[in-house]
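J.: Sequence and predicted structure below; questions after.
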Amino acid sequence: MTATIDGAGRVVIPKALRERAGLTPGTKIDFTFVNGNIEIHLVVEEGEWETRHGISFPVPPEGAQELSTSEVRSLLEAVRDERADCFSNSLLTTGYPVERSTTVWSLRPHANTAQP
């Protein structure tokens, strides 16, 4: 999708992208410049924390949807897969063969790479 920067430096994020990302008016975002690209990230607001038995954990905001165990597992797997894909793609230029089990990555020196 293409957008145009106006005279004041503003860009309108297309509606389809806003909806897909869950962006609503007032959502805080952060911009970074990485490898020639402008990246947009949601700003994670600091919430309340509770400590029980010496362990701190975040308190969900009022009205937050409670997730079932299977939903949490699915979400964790999706995040792991996304990170694994990013990791795999970043290794493509290293020349090292990569092997992946369910959640563990293993890097082996390439057969043509001299060992120290």
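T.: All right, it came through fine. Numbers count the residues shown, from 1 in each chain.

J.: Only the buried residues of the helix or strand that contains residue 83, if you could.
T.: Using DSSP states H and E, residue 83 falls within helix 69-91. Neighbour-count burial for helix 69-91 flags residue 84 (criterion: 16 or more other Cβ atoms under 10 Å). In this view, the C-beta of every residue, glycine as well, is placed from N, C-alpha and C.

J.: as a whole number, average confidence for it?
T.: In this model, helix 69-91 has an average pLDDT of 82.

J.: helices or strands next to that helix in the packing?
T.: Counting contacts by 3 or more Cβ pairs under 8 Å, 6 or more residues apart in numbering; DSSP states H and E, helix 69-91 packs against strand 98-100, strand 105-107.

J.: Worst mean pLDDT among these?
T.: Looking at the helices and strands packed on helix 69-91, the weakest mean confidence is strand 105-107, a mean of 48.

J.: what domains does the record give for this structure?
T.: As assigned by automatic domain parsing, the chain contains the domains 13-43, 69-111.

J.: did I read that right, residue 41 in a strand?
T.: Yes. Inclusion of residue 41 in a strand is indicated when DSSP: H, G, I helix; E, B strand; the rest coil is applied.

J.: wait, doesn't it sit right on residue 28?
T.: No. Between residue 41 and residue 28 there is no contact under Cβ atoms under 8 Å: 9.9 Å.
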